[in-house]
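# dropping a prediction and its sequence here:
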Amino acid sequence: MEARTREGWGTSLGFILAAIGSAVGLGNMWRFPYAASTRGGAAFVILYVLMVLAVGVPVMMSEFAIGRRTGLSPISALQKAGGRRWSLLGYLFVLTGCMILAYYAVIAGWTMRYLLEALISGFAADPGVYYDQSTTGLSAVLYHMVFMAITISIVVGGIKAGIERASLILMPVLFVLIVGLAFWALFLEGSGAGYSFYLRPQLSDFFSGTTFAAAASQAFFSLSLGMGAMLTYSSYLSRQENLPSSAVKISLSDFGVAFFAGLVVFPVMFAFGLSDQIITGEIGEGRALGALFVSLPRAFIEMGPAGRIVGLTFFTALFVGALTSAISLLEVVTSSLIDTWKIARVRAALWAGLVIMIVGIPSAYDHNILGLFDAVAGEFFLVFGAFFLVLFVGWRMEDPIGELAEGSGNRGLLTGWLGMVRFLLPFILAFVIYDRGKNVYNMVVSMLSGG
Ligand code: PHE
């Protein structure tokens, strides 16, 4: 059931920017500096680059192979390429997409609120109190809903007129803002300790299994892997696109933005003596989740009037990144409704968006629920999905090398890729599943025991 009339990307650049848009988001500017700070700084950063290259790029190529081969969204794609049973993996992807977007839109809502706040009245005098008041409850729900409405309005427009056009405008804006901020941070007095925490590794930090697993799962989240976003985007591609080279470009750009975000966050933290605020517990534990939303505004306030402009810039970049990522999350669900259930795009996007909006409401009320969604869907399901994805591409899919060779041609490298997908990645992913599964388990136990 090939959908001959299916639309596609207008240009190769449009596809690349949209995929970078999916990848670059809260994961880079909020989660990455935060994960790095709780995991030994520079050592985490180095392990993270390794994970992006050794695990992220090959998994992204796997998603591309399925997406372009079938020209379909996850459920139908896996059904077509692997039969009934494999389509279950597609259902998991759609579920994961719904769950991630549900809480992602809540945090994006906070971002919008901070952005407006910087614009209209300046940051509140006590960011801690402000954070506690503004990031839960009815107003958080409202911002979450407004953000979802914006996301829906773009996905309704479709691939070329909606997603591609938005990415072509928004992504360059984001690059300029984040590089500009990093450059500005260079001149902050007392930022040196921030740079050395971020860039000078401590040998002992390399030998922690959990740091390794956290770096891997951060790579999945940040590269939008393990839930079919890249699969879906590549399903709108032409046969000429060079998929391996696109995967490398997208991954390195994503890392670049995360790295620059670190070059903003750490110098600011250290220059204003706020480093111990961010260097605490796990992502997802109560207020630690909002580390960035508490400590950065505090620094912006101390900077005086200039801080308001810097803060506005930062939250604008964060908002733009969150929006282009949310678009891809919603597109996975929407395109599945279109391909698998034959629902028209406008209705599909509206219904999917509405359901996700509702699923997100508990997260807008309770940070513990938000943290749990993040641990379950944002960490565990992504690696779990990626595990089966590589098994599929490595052992079940017909001639995956042939698919990637179209438009690229380097068969030697591709043979190496398939070897990794078959023999190395399943073991790495199994370890990460084990570690992140343990994390979810501990979280649930501590929540149930009222901790
Ligand atoms: N990669 C996005 C970010 O870093 C989040 C995301 C995850 C988007 C999974 C799509 C799929 O913010």
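Received the coordinates, thanks.
# so what's the residue in the stretch 51-200 of the chain that the ligand sits nearest to up against?
The minimum distance from the stretch 51-200 of the chain to the ligand, using CB to the nearest ligand atom, falls at residue 100 (5.5 Å). Bear in mind the C-beta positions are built from the backbone N, C-alpha and C, glycine included. Residues in contact with residue 100 (CB atoms under 8 Å, 6 or more residues apart in numbering) are 227, 329, 373, 377, 378.
# the second one - nearest residue in space that isn't next to it in sequence?
Think residue 329. Nearest non-adjacent residue to residue 329, counting by CB to CB, 6 or more residues apart in numbering: residue 101, 4.0 Å away.
# cool, residue 11 as well?
That would be residue 164: by CB to CB, 6+ apart, it lies 7.8 Å from residue 11.
# count of neighbours near the residue of the stretch 151-300 of the chain found nearest the ligand?
At 3.5 Å from the ligand, residue 224 is the closest residue in the stretch 151-300 of the chain, using CB to the nearest ligand atom. The tally of other residues near residue 224 (other CB atoms under 10 Å) stands at 32.
# now residue 227. Its backbone dihedrals?
Main-chain torsions, residue 227, degrees, to the nearest 10: phi -140, psi 20.
# model confidence for it, exactly?
Looking at residue 227, its pLDDT reads 98.
# around the ligand, pick out the residues from the stretch 201-350 of the chain.
Applying CB under 6 Å from any ligand atom, we find that the stretch 201-350 of the chain lies next to the ligand at 221, 222, 224, 227, 229, 325, 328, 329.
# tell me which of those fall in helices.
Using DSSP state H, the members of those that fall in helices are 221, 222, 229, 325, 328, 329.
# contacting residues around the last one?
It refers to residue 329. By CB under 8 Å, 6+ apart, residue 329 lies in contact with 97, 100, 101, 104, 227, 229.
# which stretches of the stretch 151-300 of the chain form strands?
Per DSSP state E, counting those that start in this stretch, the stretch 151-300 of the chain carries no strands over any range.
# show me where it dips below the pLDDT cut-off.
In the predicted model of the stretch 151-300 of the chain, residues 275-289 satisfy pLDDT under 70.
# could you check the pLDDT of the closest residue to residue 312 other than its chain neighbours?
Computed as CB to CB, 6+ apart, the closest residue to residue 312 that is not its neighbour in sequence is residue 118, at 4.1 Å. Looking at residue 118, its pLDDT is 91.
# what about the closest residue to residue 182 other than its chain neighbours, how many residues nearby?
Distances taken as CB to CB, 6+ apart place residue 263 nearest to residue 182, at 4.0 Å, with adjacent residues excluded. Neighbourhood size, residue 263 [other CB under 10 Å]: 23.
# ok, back up a step: state the pLDDT value of the residue of the stretch 51-200 of the chain closest to the ligand.
For residue 100, pLDDT reads 98.
# which element follows whichever strand or helix holds it toward the C-terminus?
Element membership of residue 100, judged by DSSP states H and E, is helix 84-120. Going down the chain from helix 84-120, the next helix or strand is helix 127-134, by DSSP H and E.
# name the residues that touch that following helix?
110, 113, 123-124, 140, 287, 290, 293-295, 297-298, 301.
# from those residues, which two are the most distant?
Taking every pair in these and measuring CB to CB, the maximum separation is 21.6 Å, between 140 and 301.
# mind listing what the residue nearest the centre of the chain touches?
The residue lying closest to the centre of the chain (CA atoms, centre = their mean) is residue 222, at 3.8 Å. Contact analysis of residue 222 by CB under 8 Å, 6+ apart lists 23, 25, 27, 28, 31, 32, 52, 254, 258.
# isn't the second one up against residue 321?
It refers to residue 25. Yes: assessed by CB atoms under 8 Å, residue 25 is found in contact with residue 321 at 4.3 Å.
# if I look at those two, which residues touch both of them?
Joint contacts of residue 25 and residue 321 (CB under 8 Å, 6+ apart) do not exist.
# residue contacts, the residue of the stretch 251-400 of the chain found nearest the ligand?
At 4.0 Å from the ligand, residue 325 is the closest residue in the stretch 251-400 of the chain, using CB to the nearest ligand atom. Residues in contact with residue 325 (CB under 8 Å, 6+ apart) are 21, 22, 23, 24, 25, 26, 27, 104, 224.
# distance-wise, check it relative to residue 29.
Separation of residue 325 from residue 29 (CB to CB, to the nearest Å): 11 Å.
# next one: residue 357
Taking CB to CB, one finds residue 357 at 23 Å from residue 29.
# give me the more crowded residue out of those two.
residue 29 (28 against 21).
# what's the burial count for the nearest residue to that one once chain neighbours are set aside?
Nearest residue to residue 29 in three dimensions, chain neighbours excluded: residue 261, at 4.2 Å (CB to CB, 6+ apart). For residue 261, the neighbour count with other CB under 10 Å is 27.
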